[in-house]
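>>> this is the structure alone, sequence omitted:
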């Protein structure tokens, strides 16, 4: 049997992770090593945002989960 995930639940989880990364960025200081860490975190946010853009293009189909096969 196929497994499905709610598009809105997936988007909400990704947005939650973006907020978490943003919190980490706000903690990072101005040290050279910390700048590297911050740039890696920003890359992670861009990756999440690219994923959200892709998910936004997916068409959602309503399924009757109670319907028998």
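Sure thing, it's come through. Fair warning: this is a prediction, and the values are worked out from it, not measured in the lab.

>>> can you mark which positions in the longest helix anywhere in the chain are buried?
The longest helix of the chain (DSSP state H) is helix 32-57. Within helix 32-57, the residues that qualify as buried are 38, 41, 44, 48, counting by 16 or more other C-beta atoms under 10 Å. Bear in mind the C-beta positions are built from the backbone N, C-alpha and C, glycine included.

>>> next one: stretch 22-29
For stretch 22-29, by 16+ other C-beta under 10 Å, it's residue 28.

>>> can you offset everything so residue one is 12?
That works, and once the first residue is 12, the last one we named lands at stretch 33-40.

>>> any idea how far it is from the chain center?
18 Å (C-alpha atoms, centre = their mean, to the nearest Å).

>>> cool, stretch 50-64 as well?
On C-alpha atoms, centre = their mean, the centre of stretch 50-64 falls 8 Å from that of its chain.

>>> run through who's touching it.
22, 25-26, 28-29, 32-33, 35-36, 39 (C-beta atoms under 8 Å, 6 or more residues apart in numbering).

>>> rerun that using 6 Å as the cut-off
25, 29, 32, 35-36 (C-beta atoms under 6 Å, 6 or more residues apart in numbering).
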